[in-house]
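Asks: Sequence unavailable; structure follows:
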């Protein structure tokens, strides 16, 4: 019902009491459960460090006027910083299990995105940025908590993968079209709201993958995926609020 798949078979095909709880999802042994929790804590620790670094770099970009002006007044530099994270995704994925290169590329990736976030925040009213931060924090906390609760109840969200992939392609194409045919304030607000819904779905889907599917060596890549979900959710909410204010 509602597209969920209930996990009814445990290890060795034994029936599992879905209401028993105690593990991340039904059928997980106690030893595996402890290992899985250790992996999850590691991923969220890295994600927290990324968010803190993003906040610090963005704050410097906003408060240090010369840096902000340099980024805004130089289209070439802005384009370079916008494209560099996509370039860094390849070595980041390739070296995700090779310490310390994985953390070096992760740091570069995070800083590049943080500079772009800082520019976006610098050109937005402080009140709107604060509202977007509060809403993003509330949504991420709620969806993460729900995903863990649903997992313990045996629900599965893998079916969201194809739906979210198609939705992401539509968002990217619409963003590209906006370069040549800018949208009005109302359309920007609607587009931002739709983007927020899509990336909310990604948070549920990727949290479900974190709980059940990522291997223990994929802690870097898991943190990158969740970081991108949170960042894109924030930007979508920010655009939605900016569009609503401009339209008002």
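Replies: Good, I have the coordinates. Worth saying up front: this structure is predicted, and the values here are computed from it rather than measured. Numbering: from 1, shown residues only.

Asks: which residue ranges form the helices in the protein?
Replies: Taking DSSP state H as the criterion, the chain contains helices spanning 30-63, 65-73, 75-94, 101-122, 126-152, 160-180, 185-212, 219-247.

Asks: which strands and helices sit next to the fourth one?
Replies: The reference is to helix 101-122. helix 30-63, helix 65-73, helix 75-94, helix 219-247 (3 or more CB pairs under 8 Å, 6 or more residues apart in numbering; DSSP states H and E). Just so you know, the C-beta spots here come from the backbone N, C-alpha and C atoms, and that holds for glycine as well.

Asks: switch to 10 Å and redo it
Replies: helix 30-63, helix 65-73, helix 75-94, helix 126-152, helix 219-247 (3 or more CB pairs under 10 Å, 6 or more residues apart in numbering; DSSP states H and E).

Asks: nearest to residue 195, of those?
Replies: With CB to CB as the measure, helix 219-247 is the member of the helices and strands packed on helix 101-122 nearest residue 195 (3.4 Å).

Asks: looking at this protein, which helix or strand does the model trust least?
Replies: Using mean pLDDT, DSSP states H and E, helix 65-73 stands out as the lowest-scoring helix or strand of the chain, at a mean of 79.

Asks: How about residues contacting that helix?
Replies: If you take CB atoms under 10 Å, 6 or more residues apart in numbering as the criterion, helix 65-73 is touched by 60-62, 64, 77-78, 81, 115-116, 118-119, 121-123.

Asks: Can you tell me which of those is closest to residue 138?
Replies: Lowest distance from residue 138 to the contacts of helix 65-73 (CB to CB) belongs to residue 121, with 18.5 Å.

Asks: Just list the residues touching the residue lying closest to the closest one once chain neighbours are set aside, thanks.
Replies: Excluding its sequence neighbours, the residue lying closest to residue 121 (CB to CB, 6 or more residues apart in numbering) is residue 129, at 5.0 Å. Going by CB under 10 Å, 6+ apart, residue 129 touches 58, 62, 120-122, 234, 238, 241-242.

Asks: Buried among the residues you listed? Need that as a selection in PyMOL.
Replies: Selection of buried members from these for PyMOL, criterion 16 or more other CB atoms under 10 Å:
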select buried, resi 58+62+120+121+122+234+238+241+242
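
Asks: Give me the below-cutoff pLDDT ranges for this structure.
Replies: 1-21, 246-248 (pLDDT under 70).

Asks: and residue 100, how many neighbours?
Replies: Residues near residue 100, counting by other CB atoms under 10 Å, number 10.
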